[in-house]
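> for reference, the sequence and a predicted model appear below.
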Amino acid sequence: MDFVQYKCPCCGAALVFSPKTQKLSCNSCGNQYDLETMEEYEREEQSPNEQDLDWEYRKEEQGAKRTEDGLYICPSCGAEIEADENTVSTVCPYCNNVVVIQAASSGEFEPDVMIPFQVKGDEARQKMMHFCRGKRLLPKNFRDRSYLKNLRGCYVPYWLFDCKASADMSFHATRVRAWSDSDYDYVETSYYLVSRAGTMEFVHVPVDGSVEMDDNTTESIEPFDYNGLTDFRQAYLAGYETDKYDVDAKTAMGRAKQRLYNTAEQVLRSTVKGYETVTVKRRRLASQEGKVLYALLPVWLFETVYGGRKYQFAINGQTGKMVGELPVDKGAFWKYLCGFTAIGTVVCSVVGILLFGGVL
C-alpha cells in the first residue's frame, strides 16, 4: 500500500488544505498552491524518466510499506502510524506529516463527489468554546479547555440517494362536534378515510456510510449545500482524517428508504386539514430512476467517554451547524444542588422568622 503526500515544493514541509483560500498552504514558508498547480507538479514528480532505475524500489525507499503488525511507516520520519483498513488519510503523531493512503481512496473506494471544508479549525474551536462557556456542570477538563485537543476534522463517508417517487397514502381522520341543551351535553365524533397521492423527486438524500458515526448526529447537522459538491481530489484530504465507508450502499438503502417514506408522509399529511386527529393507515412508495453517489462530506468531530458513556459532538464543516451532547460532572451537579438547597433553607428560615417571630 503506497502513500500520497503533499509537500511544499519550496521547503518540503507538509501542505494542508485551507478552507479559507481553497488552496494547499504551507505553514512553514507561507506559500500557497492551487490544486491544479500541485496536481501538475505531482504528475511531473512521479513521471518516470531515464534516470529512474526502478519505480517499485523508489516507492519502498520512500517508506511506503506496512509492518507485520498492520501498522504503516511514515514516509517522512519513519515512525509507525496506526491506520486500520478503513483509514484513507491521517496525520503522523510524531512529525505532523499528512499522508493519504492511496489504495483506500481508489478503485471501488474512490468517492464520486465530495464537499471540501469551508469552516476552519479555529472557527470550529471558537464554536466549541462558545457552546461550553457558562456551563458550570461540565467536567474540569472542559473548563480548562483541554477538551479542544479532541476536536478533529474528518471527511465522513456518505451515500447520496436520488430518485423519482410515486407516493400513495391513506389516513384515518376524525372531526368532533359538541353541543348542549337544557338536559344533556352532546359529543359527536365523525370518522373519515382520507387518501392522498402524488409524485415527488428526491435529490441527494444522505445516509452516512460509517459505523462509528451515530445516524442521529449526522442527520442533525444537515443540511449540506450540495451546490458545493465537486469531483473527488485527494488534495482536499490533506490535513484531515478520512475513513472509507464500512456501511455499503445496499445496507444504507434501508435507512434511505425510511427517510424517503417519512418525508413523503410529512408532505402528504400536511395536505390533510380540518380534522381533530389524523393517523396513518397505509403508505406506499414506488421509486424510479434511482441513483446512488458515494461522497465525502466535511465534519468537525468531538468524541469523549465520561462515566462509561460515549459522547459525540459534531459541527458541519461546510455550514458550521453544531449538534451534540456534552457530559455533566456529577460531583459538580451535587455540589450546586446542595448549595441551592442550603440557600433555599436559609431563605425559608428567614421568611418564617419574619412572618411568625412576633407571634411566638
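Yep, that arrived.
> quick check: mean pLDDT of stretch 17-32?
If you average the pLDDT over stretch 17-32, you get 85.
> which parts of it are buried?
By 16 or more other Cβ atoms under 10 Å, the buried positions in stretch 17-32 come out as Phe17, Ser18, Pro19, Lys23, Leu24, Ser25, Cys26. For every residue, glycine as well, the C-beta is placed using N, CA and C.
> list the contacts for the nearest residue to the second one once chain neighbours are set aside?
Closest residue in space to Ser18, ignoring its immediate chain neighbours: Ser25 at 4.4 Å, by Cβ to Cβ, 6 or more residues apart in numbering. Ser25 makes contacts with Leu15, Val16, Phe17, Ser18, Asn31, Gln32, as judged by Cβ atoms under 8 Å, 6 or more residues apart in numbering.
> recalculate using a threshold of 6 Å.
Val16, Ser18, Gln32 (Cβ atoms under 6 Å, 6 or more residues apart in numbering).
> what residues does stretch 263-278 touch?
Identification of contacts with stretch 263-278 by Cβ under 6 Å, 6+ apart yields Ala167, Met169, Phe171, Ala173, Thr174, Arg175, Val176, Val194, Arg196, Arg283, Leu285.
> rewinding a little: tell me which of the contacts of Ser25 is nearest to Glu110?
Distance to Glu110 across the contacts of Ser25 (Cβ to Cβ) is lowest for Val16, with 21.8 Å.
> and for that closest one, the neighbour number?
18 (other Cβ atoms under 10 Å).
> outline the domain layout of the protein.
3-110, 143-328, 336-360 (automatic domain parsing).
> what's the mean pLDDT across stretch 262-280?
The average pLDDT for stretch 262-280 rounds to 93.
> and that stretch, which residues are buried?
Thr263, Ala264, Glu265, Leu268, Arg269, Val272, Tyr275.
> can I get these in JSON lines including distance to Met128 and secondary structure?
Converted to JSON lines, the buried residues of stretch 262-280 look like this (distance: Cβ to Cβ, whole Å; DSSP: H, G, I helix; E, B strand; the rest coil):
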{"residue": "Thr263", "distance to Met128": "31", "secondary structure": "helix"}
{"residue": "Ala264", "distance to Met128": "36", "secondary structure": "helix"}
{"residue": "Glu265", "distance to Met128": "36", "secondary structure": "helix"}
{"residue": "Leu268", "distance to Met128": "40", "secondary structure": "helix"}
{"residue": "Arg269", "distance to Met128": "38", "secondary structure": "helix"}
{"residue": "Val272", "distance to Met128": "42", "secondary structure": "coil"}
{"residue": "Tyr275", "distance to Met128": "45", "secondary structure": "coil"}
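> quick one: which of these is nearest to Val113?
So of the buried residues of stretch 262-280, ranked by how close each gets to Val113 (Cβ to Cβ), first place is Thr263, at 21.8 Å.
> measure Gly290 to Trp159 for me?
Look at Gly290 and Trp159: by Cβ to Cβ, to the nearest Å, they are 12 Å apart.
> list the contacts of Val205.
Residues in contact with Val205 (Cβ under 6 Å, 6+ apart) are Phe161, Ala256, Arg259.
> and the helix or strand encompassing Phe161, average pLDDT?
According to DSSP states H and E, Phe161 maps onto strand 151-180. Regarding strand 151-180, the rounded mean pLDDT is 92.
> what stretches of the stretch 1-150 of the chain score poorly on pLDDT?
Scanning the stretch 1-150 of the chain with the threshold set as pLDDT under 70 gives 1-4, 43-108, 135, 137, 141-147.
> apply 50 and report the result again.
With pLDDT under 50 as the threshold, the stretch 1-150 of the chain has low-confidence stretches at 1, 48-66, 101, 103-106.
> the contacts of stretch 263-278, buried ones only, as a ChimeraX selection?
Buried subset of the contacts of stretch 263-278, written as a ChimeraX selection, criterion 16+ other Cβ under 10 Å:
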select :167,169,171,173,194,196,283,285
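> and the contacts of stretch 263-278 as TSV, adding distance to Leu301?
Listed next are the contacts of stretch 263-278 as TSV, based on distance: Cβ to Cβ, whole Å:
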residue	distance to Leu301
Ala167	35
Met169	37
Phe171	40
Ala173	44
Thr174	46
Arg175	49
Val176	49
Val194	44
Arg196	40
Arg283	35
Leu285	33
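> which of the contacts of stretch 263-278 sit farthest apart?
That would be Val176 and Leu285, which, of the contacts of stretch 263-278, are the farthest apart (Cβ to Cβ) at 31.1 Å.
> just the contacts of Ser25: which are in helices?
Using DSSP state H, no member of those sits in helices.
> Glu212: which of these is nearest?
Val16 (23.5 Å).
> just give the nearest non-adjacent residue to that closest one, would you?
Gly239 is the one closest to Val16 (Cβ to Cβ, 6+ apart), at 3.5 Å.
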